[in-house]
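Participant: Whatever this is, show me its structure:
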Amino acid sequence: MPLPAVRPVTGTPPSHSTLPALERARPAQPQTLQPPPTPQLQRAPTPPPQASEPQEAGVEQSQHRRLAVRDERLAQKLVTTQHAVTARRPSKRSFHRDEAARMFSSTLRTQRRGIRDLVTDEQQLVRYGLPIWRTEAELALALQVGLKALRHYTVHRAQDRVLHYVTFAIPKRSGGERLITAPKTRLKALQRRLNALLVSKLPVSEYAHGFRTGHSVLTNAKPHVGKQVVLRLDIHEFFPSIHFGRVRGLFLALGYGYPVATALAVLMTEAPRQPVQIGEVCLYPPCGPRTCPQGAPTSPGLSNALLVRLDRRLAGLAKQRGFSYTRYADDLTFSGDDIAAAHALRLAAARVVREEGFELNVKKTRVARRASRQLVTGVIVNRVLGLSRQTRRRLRAAVHQYLQAHAAGAADPRTLARLDGRIAYLSMLNSEQARRLTMD
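Facilitator: Predicted coordinates for the structure are as follows:
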């Protein structure tokens with residue numbers, strides 16, 4: 001099929017010389033200057049379109065009219081920059097508002113923390129019976145040291161020339177070694193004063209039996225006597241899990257200002273350090289985060305205060321299933337008569353411990369029924385409190401050997417002191433077992 005013929009275009013297109021004539025033919029309109037693009041202009045609503053004006057015949061409308069449009073590129077840059085600044089800015093709050101409220105009470109200051117952390121909440125400190133320290137100078141005065149001497153210990157340095165702690169290892173009863181970080185003489189004196197003035201007055205839950213006056217392994221084991229099943233859990237790396245942020249967040253939530261809370265947290269924590277020899281100078285830069293040292297006088301009481309919420313959550317979890325709960329340092333103990341609920345309780349307790357920022361040592365998890373030996377912090381709780389039969393037999397043999405050595409004139413006074421201590425411990429747990437041992 002043949003294609004239709006193309007008709008040639010007649011006439012010439014309008015040249016540049018004819019454009020001014022067309023512009024002069026348009027009706028005169030007042031010129032309005034448009035402001036530069038701004039975020040306010042970008043967020044402003046688009047004006048409604050205006051009705052087109054009548055044009056004369058043969059006159060073309062210009063395509064060079066200036067339009068007020070939104071600058072999308074400028075808005076995207078502003079939003080991106082704002083998000084970037086927000087992402088780089090770390091959050092100063094160590095405790096969530098609901099977390100701190102459940103941890104202690106609804107009276108804790110948890111709103112507008114960025115402003116209120118700079119000011120000491122004296123009313124709240126009085127409510128908790130804690131000393132009021134508004135500045136580092138008042139803290140130094142309470143600890144009976146100068147401000148310069150206090151800052152020698154409360155400033156975290158990236159390159160320290162001296163070590164404030166002595167680290168050594170002691171053997172564990174179950175095998176392996178336990179790392180002890182003990183403060184030196186001057187720092188230990190400061191921590192003991194701080195322990196008497198502040199740490200010993202911190203809130204503690206009724207379920208904690210370790211590091212408390214009037215509590216011991218005896219009070220920790222009593223609630224679990226005569227139960228059908230005993231569940232024991234152990235927190236892995238207990239003191240190293242309590243880091244600097246948790247300690248400072250606790251004192252901020254209690255009412256201390258930011259400078260004092262930071263100084264207290266540095267006094268009670270320490271980072272592992274590695275010696276580096278540079279010429280004739282030996283430096284000790286930190287090679288890890290600051291945590292509670294196992295060996296400082298303030299660490300035991302501080303750990304009890306930081307685990308208040310964990311204790312209450314685990315106690316509520318146990319109460320729902322008819323179980324009892326106690327904690328001695330890092331040993332968590334549950335006991336009850338519903339054997340079938342022990343497995344679900346173990347899983348739920350592990351989840352709560354993880355949510356609180358700790359981990360369980362799975363190798364030390366034990367579930368003991370009535371037919372087996374039920375042991376809670378070294379105390380037998382099957383029917384009555386006491387020591388195991390094997391332990392009592394070894395103690396009786398040690399007493400017999402000492403009596404024979406004493407009759408031969410070769411007794412060691414240190415051996416007598418050790419035996420007196422072990423017999424006194426048994427008498428605290430079960431006076432009847434101690435009486436039978438001494439009579440034999």
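Participant: Look up the closest residue to the residue nearest the centre of the chain, ignoring the ones flanking it.
Facilitator: By CA atoms, centre = their mean, the chain has its centre lying nearest to R246, at 3.9 Å. Distances taken as CB to CB, 6 or more residues apart in numbering put L306 closest to R246, at 5.8 Å, once the chain neighbours are dropped. Yep, even glycine has a C-beta here, placed from its N, CA and C like the rest.
Participant: That neighbour reaches V247, doesn't it?
Facilitator: Yes. Between L306 and V247 there is a contact under CB atoms under 8 Å: 7.4 Å.
Participant: Pick out whichever of the two has more residues nearby.
Facilitator: The neighbour comparison of L306 against V247 (other CB atoms under 10 Å) goes to V247, with 28 against 20.
Participant: Show me where the stretch 251-400 of the chain has its helices.
Facilitator: Secondary structure of the stretch 251-400 of the chain (DSSP state H, counting those that start in this stretch): helices located at 258-268, 299-306, 308-320, 341-355, 389-407.
Participant: can you give me the helices in the stretch 51-200 of the chain?
Facilitator: Along the stretch 51-200 of the chain, counting by DSSP H, counting those that start in this stretch, helices occupy 72-88, 97-103, 113-116, 122-127, 136-142, 147-154, 185-197.
Participant: circling back to that earlier point, helix, strand or coil for the residue nearest to the centre of the chain?
Facilitator: At R246 the chain is in helix, as set by DSSP: H, G, I helix; E, B strand; the rest coil.
Participant: quick one: it from R327, how far?
Facilitator: To R327, R246 is 17 Å away according to CB to CB, to the nearest Å.
Participant: Mind telling me which of the helices of the stretch 51-200 of the chain the model trusts least?
Facilitator: Among the helices of the stretch 51-200 of the chain, helix 72-88 carries the lowest mean pLDDT, a mean of 43.
Participant: pLDDT below threshold where in this structure?
Facilitator: Across the chain, the ranges flagged by pLDDT under 70 are 1-117, 440.
Participant: tell me the domain ranges of it?
Facilitator: 88-197+243-291, 207-241+307-375, 389-439 (automatic domain parsing).
Participant: most neighbours per residue, which of the ones you listed?
Facilitator: Of all those, domain 207-241+307-375 has the most neighbours on average by mean count of other CB atoms under 10 Å, namely a mean of 17.
Participant: quick one: D234 is in a strand?
Facilitator: Yes. Applying three-state DSSP, one finds D234 inside a strand.
Participant: Apart from its chain neighbours, what residue comes closest to it?
Facilitator: Distance criterion CB to CB, 6+ apart; nearest residue to D234, sequence neighbours excluded, is K364 at 3.8 Å.
Participant: In contact with the one you found, which residues are there?
Facilitator: Shown in contact with K364 (CB atoms under 8 Å, 6 or more residues apart in numbering): R232, L233, D234.
Participant: I'd assumed T365 was in contact with the second one.
Facilitator: I take that to be L233. Yes. Using CB under 8 Å, L233 is in contact with T365, at 5.8 Å.
Participant: if we can go back for a sec, show me which of the contacts of K364 is closest to E136.
Facilitator: E136 has its nearest neighbour among the contacts of K364 in D234, at 38.2 Å by CB to CB.
Participant: what is the closest one paired to in the beta sheet?
Facilitator: D331 (DSSP bridges).
Participant: Can you name the residues that contact it?
Facilitator: Neighbouring residues of D234 by CB under 8 Å, 6+ apart: D330, D331, L332, L360, N361, K364, T365.
Participant: Turn these into JSON lines, including distance to I242.
Facilitator: Shown next, in JSON lines, are these (distance: CB to CB, whole Å):
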{"residue": "D330", "distance to I242": "11"}
{"residue": "D331", "distance to I242": "16"}
{"residue": "L332", "distance to I242": "16"}
{"residue": "L360", "distance to I242": "16"}
{"residue": "N361", "distance to I242": "16"}
{"residue": "K364", "distance to I242": "19"}
{"residue": "T365", "distance to I242": "22"}
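Participant: one step back: overlap in contacts, L233 and T365.
Facilitator: Common neighbours of L233 and T365 (CB under 8 Å, 6+ apart) are R346.
Participant: In contact with A417, which residues?
Facilitator: If a contact means CB under 8 Å, 6+ apart, then A417 has no contacts.
Participant: Tell me what angle the helix or strand where it lies forms with helix 389-407.
Facilitator: Per DSSP states H and E, A417 falls inside helix 413-429. If you take axes from the mean of the first three to the mean of the last three CA atoms, to 10 degrees, helix 413-429 sits at 140 degrees to helix 389-407.
Participant: hey, C-alpha coordinates of helix 413-429 in PDB?
Facilitator: Provided in PDB are the C-alpha atoms of helix 413-429 (Å, rounded to 0.1, in the frame of the first residue of the first chain):
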ATOM      1  CA  PRO A 413      47.400 -23.400 117.100                       C
ATOM      2  CA  ARG A 414      46.400 -22.400 113.600                       C
ATOM      3  CA  THR A 415      44.800 -25.800 113.100                       C
ATOM      4  CA  LEU A 416      42.700 -25.200 116.300                       C
ATOM      5  CA  ALA A 417      41.600 -21.800 115.000                       C
ATOM      6  CA  ARG A 418      40.400 -23.400 111.700                       C
ATOM      7  CA  LEU A 419      38.500 -26.200 113.500                       C
ATOM      8  CA  ASP A 420      36.800 -23.700 115.800                       C
ATOM      9  CA  GLY A 421      35.600 -21.700 112.800                       C
ATOM     10  CA  ARG A 422      34.200 -24.800 111.000                       C
ATOM     11  CA  ILE A 423      32.500 -26.000 114.100                       C
ATOM     12  CA  ALA A 424      31.000 -22.500 114.800                       C
ATOM     13  CA  TYR A 425      29.700 -22.500 111.200                       C
ATOM     14  CA  LEU A 426      28.000 -25.900 111.600                       C
ATOM     15  CA  SER A 427      26.500 -24.700 114.900                       C
ATOM     16  CA  MET A 428      25.000 -21.700 113.200                       C
ATOM     17  CA  LEU A 429      23.400 -23.900 110.600                       C
END
